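J.: below are the sequence and a predicted model; questions follow.
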Amino acid sequence: MVSRRRPVQPLDAFLLALLLGAAGWIIYRITVHLDYNWNWSVLPQFLFRYDRETDRWVANYLIHGLLTTVRLSLWASLLALMLGVLLALARTGRSLYGRLVATASIELMRNLPPLVLIFLFYFFLADQLLPLLHLDTLATRISPFWKQLLPLVLAPPEQLSAFCSALITLAVFESAYVAEILRSGIESIGQPQRDAAAALGLTHSQSLRHIVLPQAIRRVLPPLAGQGISLIKDSAIVSVISIQELTYQGTQLMASTYLTIEVWLTIAALYFLLTFPCSLAVDRLDRRLNRKQ
């Protein structure tokens, strides 16, 4: 069925004109009445700088922070997805003990402020659990090849413990929301399909793997992707524990240059360039999956 586009109505034109007028008024107030000395010319050097020793352009503070945000968000998303699947299966499973543990974990994570969780997890993990893994020692004993690869994949050796603490904190916090999204998808699959799977001789795990989960993930893909994009934005909170991601670099840059508005507008633009393509990609994937139904 071919969908027809709704023609532009007078109300649409009026609202668009109103938004453009409001944007123009804000720009006018900022440029004319704001007592602020704009200086955009120094910002590009904090994105890339020319290295005279290697005779080439290299990434600078903001790009380094952006790459750290990408690495942190990617690994935290994967870990949150795995934990979320386990929690969702436990909460919708047959075991009473599993349901109680999963429900308690989900409700605890969802009803505590993320900033409080960041501090609790950071000081507990960094001071108690992570030293037992001897990550810093292992990072110094690996081969030169892995020493060069480690900053590209995770973090520099001297920042590895703090990076892993932030990664685990974000993943555990976001996994509660991922679990609830997946739970809604699993429970949306009707009981007749489960009965049909049992009639065909499939076990409970086979029914989940081949029938329930594929349909559930397809149904919850938009909110699941939205949660992944929210994780990218939520990663800014780890700047309070000195993880050198994009927001932390922006804070340090603002303190040293006093270019408050320029720095934060640049940070906002970099976050938008990171999240908007993800939104477009997920929307395209959702349309493609819906066409196959």
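T.: Great, that's in hand.
J.: hey, let's count contacts and neighbours off CA atoms from now on
T.: Fine.
J.: in this protein, which spans are helices?
T.: Taking DSSP state H, the helices of the chain run over residues 10-28, 61-91, 96-110, 114-124, 130-133, 135-141, 144-153, 160-187, 191-199, 204-207, 213-219, 221-234, 246-257, 260-291.
J.: name the residues of the last one that are buried.
T.: Going by neighbour count (16 or more other Cα atoms under 10 Å), the buried part of helix 260-291 is E262, V263, W264, T266, I267, Y271, L274, T275, C278, S279, V282, D286.
J.: now the angle from it to helix 246-257?
T.: Interaxial angle, helix 260-291 versus helix 246-257 (axes from the mean of the first three to the mean of the last three Cα atoms, to 10 degrees): 160 degrees.
J.: centre of the chain to helix 260-291, how far?
T.: 11 Å (Cα atoms, centre = their mean, to the nearest Å).
J.: thinking again about what came up before, quick check, nearest of the buried residues of helix 260-291 to L11?
T.: For those, the minimum distance to L11 (Cα to Cα) is 27.6 Å, reached by S279.
J.: distance of that closest one relative to R219?
T.: For S279, the distance to R219 equals 16 Å [Cα to Cα, to the nearest Å].
J.: with adjacent residues omitted, what lies nearest to L253?
T.: Excluding the flanking residues, the one nearest L253 by Cα to Cα, 6 or more residues apart in numbering is V263, at 7.4 Å.
J.: wait, what's in contact with the one you found?
T.: Contact analysis of V263 by Cα atoms under 8 Å, 6 or more residues apart in numbering lists L43, G250, L253, M254.
J.: export those to CSV and append columns for pLDDT and neighbour count.
T.: Shown next, in CSV, are these (pLDDT from 0 to 100; neighbours: other Cα atoms under 10 Å):
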residue, pLDDT, neighbour count
L43, 86, 16
G250, 90, 23
L253, 90, 19
M254, 88, 16
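J.: these two touch, right, T69 and E245?
T.: Yes. Contact status for T69 versus E245: in contact at 5.1 Å, counting by Cα atoms under 8 Å.
J.: tell me which of these two has more neighbours.
T.: Comparing T69 with E245 by other Cα atoms under 10 Å, the one with more neighbours is E245, at 26 against 23.
J.: shaky segments in the stretch 51-200 of the chain?
T.: Scanning the stretch 51-200 of the chain for pLDDT under 70 picks out the ranges 125-127, 130-131, 133-136, 139.
J.: at 80 instead, please
T.: The model of the stretch 51-200 of the chain has pLDDT under 80 over residues 54-55, 122-151, 155-162, 190-191, 193-195, 197-198, 200.
J.: distance from the centroid: which residue in the chain tops it?
T.: A199 (40.8 Å; Cα atoms, centre = their mean).
J.: state the number of residues packed around the residue nearest to T103 when sequence neighbours are not counted.
T.: Leaving aside its chain neighbours, T103 sits nearest to R91 (6.4 Å; criterion: Cα to Cα, 6+ apart). Neighbour count of R91, defined by other Cα under 10 Å: 23.
J.: closest one of the buried residues of helix 260-291 to H204?
T.: When the buried residues of helix 260-291 are compared against H204 (criterion: Cα to Cα), the nearest one is D286, at 27.7 Å.
J.: distance of the closest one from S279?
T.: 10 Å.
J.: and for stretch 166-179, what are the contacting residues?
T.: Outside stretch 166-179, the residues that touch it by Cα under 8 Å, 6+ apart are 72, 75-77, 79-88, 105-107, 109-110, 114, 117-118, 121-122, 224, 227, 231, 235, 238, 243.
J.: also stretch 217-230?
T.: With contact meaning Cα under 8 Å, 6+ apart, stretch 217-230 is reached by 77, 174, 177-178, 181-182, 184-185, 275, 278-279, 282-283, 286, 289.
J.: V153 touches S73, doesn't it?
T.: No. Counting by Cα under 8 Å, V153 stays clear of S73, with 11.9 Å between them.
J.: more neighbours: the two, which one.
T.: Taking neighbours as other Cα under 10 Å, V153 and S73 compare with S73 leading, 24 against 14.
J.: please list all residues in contact with the residue nearest to that one when sequence neighbours are not counted.
T.: Spatial nearest neighbour of S73, excluding adjacent residues (Cα to Cα, 6+ apart): I232 at 5.3 Å. For I232, the contacting residues are T69, V70, S73, T275, by Cα under 8 Å, 6+ apart.
J.: dump those residues to CSV, plus distance to I211.
T.: What follows is these, written out as CSV (distance: Cα to Cα, whole Å):
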residue, distance to I211
T69, 36
V70, 33
S73, 30
T275, 31
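J.: A23: which of those residues is nearest?
T.: In terms of Cα to Cα, no member of those lies closer to A23 than T275, at 22.6 Å.
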